[in-house]
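Student: Below is the sequence, then the predicted model.
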Amino acid sequence: MKSQASLQSKSFLATRVFLGLVFLYASIDKILYPTAFAEIVYDYRSLPDGLIYVTAAVLPWFELLLGLFLVLDIWLPGAALASSFLLMVFLAAIAYNMGRGLDISCGCFTSATESMTPAPMFYYLIRDGLLLALSLYLGCRILLERR
């Protein structure tokens, strides 16, 4: 029994740190180049013009804080919930634009658009779906431990 509990603890820790590092990494380029990131947000054509710069300014800092909370084990229930919600929003935005036939840069880890060829949107869906599964795993483990 103890070895299974230890394995679950290690998998929880690994998942939490991995997901936190993903959010930290995703935030860096967007924080450094907010105008370029705003252009990517605009390309999604999902927000009113007034919210594009607000989103481009706030989202990277939220990702940074979320990543820190996950890595440093701070307020885990909220961090797991926030990461799941954020990943669902990302999935919805990608699916929405995929359905509209738009081939846009994801903007997930870089604000550069000229030098990169966007991967197929289907890849983004799979990747974000897997990240969402990890986030939901964290949330479920936290809920189960609180019982």
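Tutor: Right, received. Where do you want to start?
Student: so residue 98 touches residue 122, yeah?
Tutor: Yes. If you go by C-beta atoms under 8 Å, residue 98 and residue 122 touch, sitting 7.3 Å apart. Bear in mind the C-beta positions are built from the backbone N, C-alpha and C, glycine included.
Student: Those two: which has the busier surroundings?
Tutor: Legend: neighbour count by other C-beta atoms under 10 Å for residue 98 and residue 122, higher for residue 98 (16 against 11).
Student: which residues touch that one?
Tutor: With contact set as C-beta atoms under 8 Å, 6 or more residues apart in numbering, residue 98 has these partners: 121-122, 125.
Student: so which strand or helix has it?
Tutor: For residue 98, the element it lies in under DSSP states H and E is helix 76-99.
Student: Go through that helix and flag the buried ones.
Tutor: Applying a neighbour-count criterion of 16 or more other C-beta atoms under 10 Å, one finds 76, 79-80, 82-84, 86-87, 90-91, 93-95, 97-98 buried in helix 76-99.
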